[in-house]
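Chemist: missing the sequence, but the structure's below:
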């Protein structure tokens, strides 16, 4: 089983410089799906030589559309300590920065741990009561999703909340890059209120990686559960928070983002 990182292809062309192509399979109207862009930025930093521990956090600013064709990703080590490293990565096309990321890596140690977040109740992914739906876009064709009907019932009085199982259609195993991709996989919160499909563009996104290596390995290519909730939509923008759970109940990642939309 291949991990998703094998599908995000970058090649070194100089010190702290990588190149590749904007994957057409993750096209979004007007550019590239933000989750793929986030994964590419993360991969460039992870591919730099040396030990740095696991990704702890990823903050991405989506400053312009990533179009078809070549991309370049430059990286810079901002600081390296005994347990933490701080990196910067920028994705550019045509001498223009299209996305900027700050990435933190950390060496984990054995300490007391706890999870206060509560795993939502949800039928198993193949339960016939769930709704199968993926966005009618190129990137939507790469992912499978099974939605709770109670969180897919639009209405102005209904909470802008989603609960759904998802996995990669082509059987890629779970890794940090796939978590970064799935952190941006959620329908526009406005659509939950309006009952009309529309597109949105992520402006900024923070991803926090909680999964231990054995928890990622145990997921494999299985379904994961995404829980998404909007806090406020105003002035053409909305925010949401997202949690990604393994089927066994491990909280793998959390995310927050601000997105823009047009009526």
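Modeler: Yep, that arrived. The structure displayed is predicted, hence computed values, not measured ones.
Chemist: for the protein, longest helix please?
Modeler: The residue-count maximum for a helix in the chain (DSSP state H) belongs to helix 34-47.
Chemist: any idea of the mean pLDDT for that one?
Modeler: The average pLDDT within helix 34-47 is 98.
Chemist: give the other helices and strands that that helix contacts.
Modeler: Judged by 3 or more Cβ pairs under 8 Å, 6 or more residues apart in numbering; DSSP states H and E, the packing partners of helix 34-47 are strand 17-21, strand 54-62, strand 70-80, strand 84-93, strand 96-106, helix 176-182, strand 200-209. C-beta here means a position set from N, CA and C on the backbone, and glycine is covered the same way.
Chemist: what angle do it and strand 17-21 make?
Modeler: 140 degrees (axes from the mean of the first three to the mean of the last three Cα atoms, to 10 degrees).
Chemist: ranges for the strands of the stretch 151-263 of the chain?
Modeler: 161-168, 200-209, 224-234, 237-246, 251-261 (DSSP state E, counting those that start in this stretch).
Chemist: give the partner strands of the last one in its sheet and their orientations.
Modeler: Using DSSP bridges, strand 251-261 pairs in its sheet with strand 200-209 (antiparallel), strand 237-246 (antiparallel).
Chemist: so residue 124 is in which element?
Modeler: Using DSSP states H and E, residue 124 sits within no helix or strand.
Chemist: distance of it from residue 161?
Modeler: Residue 124 sits 20 Å away from residue 161, going by Cβ to Cβ, to the nearest Å.
Chemist: give me the more crowded residue out of these two.
Modeler: residue 161 (17 against 10; other Cβ atoms under 10 Å).
Chemist: gap between that one and residue 148?
Modeler: The value you get for residue 161 to residue 148, if Cβ to Cβ is used, is 9 Å.
Chemist: reformat the strands of the stretch 151-263 of the chain as JSON lines; add mean pLDDT and distance to residue 180.
Modeler: Compiled in JSON lines, the strands of the stretch 151-263 of the chain are given as follows (pLDDT from 0 to 100; distance: least, Cβ to Cβ, whole Å):
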{"stretch": "strand 161-168", "mean pLDDT": "94", "distance to residue 180": "13"}
{"stretch": "strand 200-209", "mean pLDDT": "96", "distance to residue 180": "6"}
{"stretch": "strand 224-234", "mean pLDDT": "93", "distance to residue 180": "13"}
{"stretch": "strand 237-246", "mean pLDDT": "96", "distance to residue 180": "10"}
{"stretch": "strand 251-261", "mean pLDDT": "96", "distance to residue 180": "8"}
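Chemist: between the ones you listed, which one is nearest to residue 112?
Modeler: strand 251-261 (16.1 Å; Cβ to Cβ).
Chemist: residue 36 against residue 137, yeah?
Modeler: No - with contact defined as Cβ atoms under 8 Å, residue 36 does not reach residue 137; the gap is 11.7 Å.
Chemist: the two: which is more packed in?
Modeler: residue 36 (24 against 14).
Chemist: poorly predicted segments of the stretch 101-250 of the chain, please.
Modeler: 152-159 (pLDDT under 70).
Chemist: burial measure for residue 80, as a count.
Modeler: 14.
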